[in-house]
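J.: A structural model of the following input is requested.
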Amino acid sequence: METVKAPNLKVLNKTHENKWVAVSSDYKKVVAVDDTLRSLQQKVGEKESIIMRVLPSDVGYAPGCRA
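T.: So this is what the prediction gives:
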């Protein structure tokens with residue numbers, strides 16, 4: 001089984017918390033930021049990017065599943 005390496009998200013900071021963010025596919029720069037996903041998608045258009053919601057730094061998230 002191949003291990004997936006975690007992306008380097010150092011381009012994100014406190015100002016991005018609780019917002020939708022589009023980052024370049026190499027994770028080296030922020031392409032756009034907005035409060036809503038719809039608005040962010042309009043800003044990004046057809047540019048190749050990775051879109052994510054940035055959680056507050058004091059919130060942990062661990063995905064899980066039930067069998």
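J.: From now on I want contacts and neighbour counts done on CA atoms only, so please keep to that.
T.: OK.
J.: May I have the beta-bridge partners of the closest residue in space to Asp35 that isn't next to it in sequence?
T.: Leaving out its chain neighbours, the residue that sits closest to Asp35 by C-alpha to C-alpha, 6 or more residues apart in numbering is Lys19, at 5.0 Å. Taking DSSP bridges as the rule, Lys19 bridges to Val54.
J.: same thing with the one 4 residues further on?
T.: Following DSSP bridges, Val23 is listed with bridge partners Val30, Ile50.
J.: Next, the contact list for it, please.
T.: Lys29, Val30, Val31, Ala32, Ser49, Ile50, Ile51 (C-alpha atoms under 8 Å, 6 or more residues apart in numbering).
J.: same thing but 10 Å
T.: 9, 11-12, 29-33, 44, 48-52 (C-alpha atoms under 10 Å, 6 or more residues apart in numbering).
J.: repeat for Leu9
T.: Going by C-alpha under 10 Å, 6+ apart, Leu9 touches Val23, Tyr27, Lys28, Lys29, Val30.
J.: mind checking how far the third one is from Leu37?
T.: Read that as Lys28. Computed as C-alpha to C-alpha, to the nearest Å, the Lys28 to Leu37 distance reads 21 Å.
J.: what about the two, which has more around it?
T.: Shown here are Lys28 and Leu37; by other C-alpha atoms under 10 Å, Leu37 has more neighbours (17 against 14).
J.: phi, psi of the spatially most central residue of the chain?
T.: By C-alpha atoms, centre = their mean, the chain has its centre lying nearest to Met52, at 3.0 Å. When read as degrees, to the nearest 10, the backbone of Met52 gives phi -150, psi 160.
J.: per-residue confidence for it?
T.: On pLDDT, Met52 comes in at 93.
J.: swap in Asp26?
T.: Note on Asp26: pLDDT of 91.
J.: His16 too?
T.: Note on His16: pLDDT of 95.
J.: Am I right that the residue nearest to Asp35 is in contact with Ser39?
T.: No - using C-alpha atoms under 10 Å, Lys19 makes no contact with Ser39, being 11.1 Å away.
J.: These two: who's more crowded?
T.: The residue with more neighbours, out of Lys19 and Ser39, is Lys19; 18 against 14, by other C-alpha under 10 Å.
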